[in-house]
Each structure stands twice: as C-alpha cells, then as structure tokens.
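> Model the structure of this input:
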Amino acid sequence: GFNALGSSVGVAARANVRVQDLEYVQFHPTALYLPDQARFLLTEALRGEGAVLRNADGEAFARRYHDDGELAPRDIVARAVFSEAQNTNDLV
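As a prediction, this is how the structure comes out:
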C-alpha cells in the first residue's frame, strides 16, 4: 500500500538513480502515536488552534527550536520532532 516514508526515494538512490531537489518534497510532520494502534496524521490546523507538541517525557519542546514554536514552518517542526525522538530515544 501507499506510504509516506520516503521508501521510493530510498529505492531509487540504492539503484544509483540521481535524486535531486528533495527539499521540495512535502510531508506531514505530525501524527498521533498510540501503542499497538495504527498511526494517523494530525492536521496542522490543530497546532494553529493551540495544540502543543510534547516529547515522550511530556515536555513542550517546539519553542526550543523556533520562536514561533508549533507554528514554525513545516520543515523546522519536522526536524524538531525528529530531534526530540532521537534525544528521548522514543517516539514523539
């Protein structure tokens, strides 16, 4: 089935296909994670209405990465989410 994991780009790169302009590929940085449940995307409108991104320790973290916090540009939010997942050694 369809996925948004970047696996198609990975397959192409492993086949020595030249990939470029990947910064223009759009993705969605936030999903809901519940153990043993399928993940699903959370609309960015939630953050626009005041939802707060929290790491595995329950700490709000977005403002550590950008003054606009949860309303920062999508690429910054995605890097922040990834960084927090790496720092807490857990899913965010």
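
> now what about stretch 17-30, what contacts it?
Here stretch 17-30 makes contact (C-beta atoms under 8 Å, 6 or more residues apart in numbering) with 4, 6, 9, 12-13, 41-42, 44, 46-47, 53, 74-75, 77-78, 81. For the C-beta atoms, the positions are set from N, CA and C on the backbone; glycine is no exception.

> Flag every buried residue along that stretch.
Under the neighbour-count criterion of 16 or more other C-beta atoms under 10 Å, stretch 17-30 has Pro29, Thr30 buried.

> remind me, longest helix of the protein?
Counting residues, the longest helix found in the chain (DSSP state H) is helix 74-88.

> Now the most centrally placed residue in the chain: closest residue in space, sequence neighbours ignored.
Nearest to the geometric centre of the chain sits Pro29, at 2.9 Å (C-alpha atoms, centre = their mean). In space, Pro29 comes closest to Ala78 once its chain neighbours are excluded; the distance is 3.7 Å by C-beta to C-beta, 6 or more residues apart in numbering.

> try Ala60
Among residues not flanking Ala60 along the chain, Val52 sits closest, at 4.9 Å (C-beta to C-beta, 6+ apart).

> Where does that neighbour sit: helix, strand or coil?
Put simply, Val52 is coil when judged by DSSP: H, G, I helix; E, B strand; the rest coil.

> Please report the number of neighbouring residues for it.
13 (other C-beta atoms under 10 Å).

> Next, the contact list for it, please.
By C-beta under 8 Å, 6+ apart, Val52 lies in contact with Ala60, Ala62, Glu70.

> how about it, phi and psi?
Reported as degrees, to the nearest 10, the phi and psi values for Val52 are phi -110, psi 130.

> State the distance from it to Gly58.
With distances taken as C-beta to C-beta, to the nearest Å, Val52 is found 10 Å from Gly58.
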